[in-house]
Structures are given as C-alpha cells and as structure tokens.
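Asks: Got a predicted model here, sequence first, then my questions.
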Amino acid sequence: MRKITLIIIHCSATPEGRNLDFETCRHDHIHHRGFKDIGYHFYITRDGGIHRGRSLERIGAHCKNHNRHSVGICYEGGLSAGGIPADTRTLEQKATLLALLRELRAVLPEAIIVGHRDLNPLKGCPCFDAVKEYGGCENSPLLQLCFYQNKQIHATLVHFLHFILHCTLYSSISRLHIHEIDSNFIIQLLQQGIDNIRAMSRDEKLVVRQVYNTLHHINDTKRIDARFRFLKQQFACKHSI
C-alpha cells in the first residue's frame, strides 16, 4: 500500500442544471485528457451515489505534484447555472462525502483532508472550505448527519444508512463487516427515521424502502444483531411506505 498523506476534495466544475455522470467523466479523462482511467478514486453524483474510480493502491491524476501520496474525491457540481464557482453540493452529496471521509480517515489516520484550492492558489475547486468543514470529521458526532446546519434532514439520514450498508459490502477501504457495525448507533439512527416517518417526503420514503430492501438481502448472508432485525421488522409492520 502506498503512503497516503492527503485526501483531496474536488468538484467537477459542472453547472447546476447539467449532468456529468461517472461514466461521462471517465470517458472525458480517458479520451480528452489522455489518462488511462478516471483521475479520481471516488466520484459522488448529485443523488448521493458514490462511484469507485481508481483503486486506492493506484496513483491518481487529479492534483499536480501531489498525486503520488493522495486520494482524490470529486463531487458532481461546483458551478452555478451561470457558470460562477459555487458550493452546489446536495444534501445527499454532503451525507455521502462525510461518510466516505470518515471511512477513509479510519483507514488512513495520518491523511489530512484538504480542498484542491488549498494546494493550488490558482484553483477555486472544490468551491467550499474543505479544511474548515471536514478537519476532524472523524471526531464529530455521527448524529450531526441527521441535523445538518441545525435542521433535521431525513434524506441525509437515509442516504447515510444506504451508504454504510453498501460500503461494507463492496468497498475495499472499509474494515467493517455488517455484523460489526455498532448496533446501538444504527438503532438510534433508524429510530430517528421511524419517529419522523410522517414528515418524510415521498422521495425520502423511497430511499428508506431501498435501505430496508438492502437490509433484507443482507439478512440472507450476514448475521445482524437481533435488536437490529427486530427494529427493521417493527418498522415494516407499523409503517407503510
């Protein structure tokens, strides 16, 4: 494993109202920039989806003079509809990015989280202060995901759960297995969602359903804490979504 000292956050410089999905970004890097693959290790789309680019063992192509010892994360966006640099991250992107950074810092405790602009003064990317927002993120209360900027965000909760449940299945950066996740923490998060189910929008309920469908699949292959299973069953019985 190469020595990684930096986790660098980027934006794709895509205006609001336009899309740049993972495959399109990858195609651009390969066919227009001459890269062998997408330059980033992770790419986060506006819906909060996380896409694996290069493996952590491979050197990226995203920040001159720092690629050899860094991990590159890019979120889709970074420009207003008029093309002005702006923090356009959706709530789903913020939830996924925070969860990903916590996972990376658990595996790479010596790595420092910075924005591209912190290493190159000519860059505005990622269009927000990454050092201020994510410095020490591994020590921040996990429940802040449910109360982003003092406002209860149910979508953040369910997207974070969705990320956790998937990253433990396919992510090489995670040391956790589903049965090792702190059941008390998960129960606390799920209970928060259950208590406020009526306040959720239709789209948020669809995400909750996706989370629980995932849990049902995992139940077939992994042993989960009995309290966790009970809570899932309780949710399914009492709430129609």
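Replies: Everything's here; your move. Residues are numbered from 1 along each chain as shown.
Asks: got the domain boundaries for this structure?
Replies: Here the domain parsing of the chain from automatic domain parsing is 1-140, 141-241.
Asks: weakest of these by average pLDDT?
Replies: Mean pLDDT is lowest for domain 141-241 among the domains of the chain, at a mean of 44.
Asks: where do the helices sit along this structure?
Replies: With DSSP state H as the criterion, the chain has helices at 22-31, 91-107, 130-134, 154-170, 183-195, 202-219, 226-238.
Asks: so what does the shortest one touch, helix or strand wise?
Replies: Going back to what we said before, that points to helix 130-134. strand 112-115 (3 or more Cβ pairs under 8 Å, 6 or more residues apart in numbering; DSSP states H and E). Placement of C-beta: from N, CA and C, glycine included.
Asks: give me every residue that touches Ile112.
Replies: Thr5, Leu6, Ile7 (Cβ atoms under 8 Å, 6 or more residues apart in numbering).
Asks: between those, which is nearest Asn65?
Replies: Asn65 lies nearest to Leu6 out of those, by Cβ to Cβ, at 10.9 Å.
Asks: which one is the closest one nearest to, not counting chain neighbours?
Replies: Nearest non-adjacent residue to Leu6, counting by Cβ to Cβ, 6 or more residues apart in numbering: Ser70, 3.9 Å away.
Asks: what's the spacing between that neighbour and Asp87?
Replies: Ser70 sits 22 Å away from Asp87, taking Cβ to Cβ, to the nearest Å as the criterion.
Asks: For those two, indicate the residue with more neighbours.
Replies: Ser70 (23 against 15; other Cβ atoms under 10 Å).
Asks: Go ahead and confirm the more buried one touches Thr5.
Replies: Yes. Counting by Cβ atoms under 8 Å, Ser70 does reach Thr5; the two are 7.1 Å apart.
Asks: doesn't Val114 make contact with Ala130?
Replies: Yes. Counting by Cβ under 8 Å, Ala130 touches Val114, with 5.9 Å between them.
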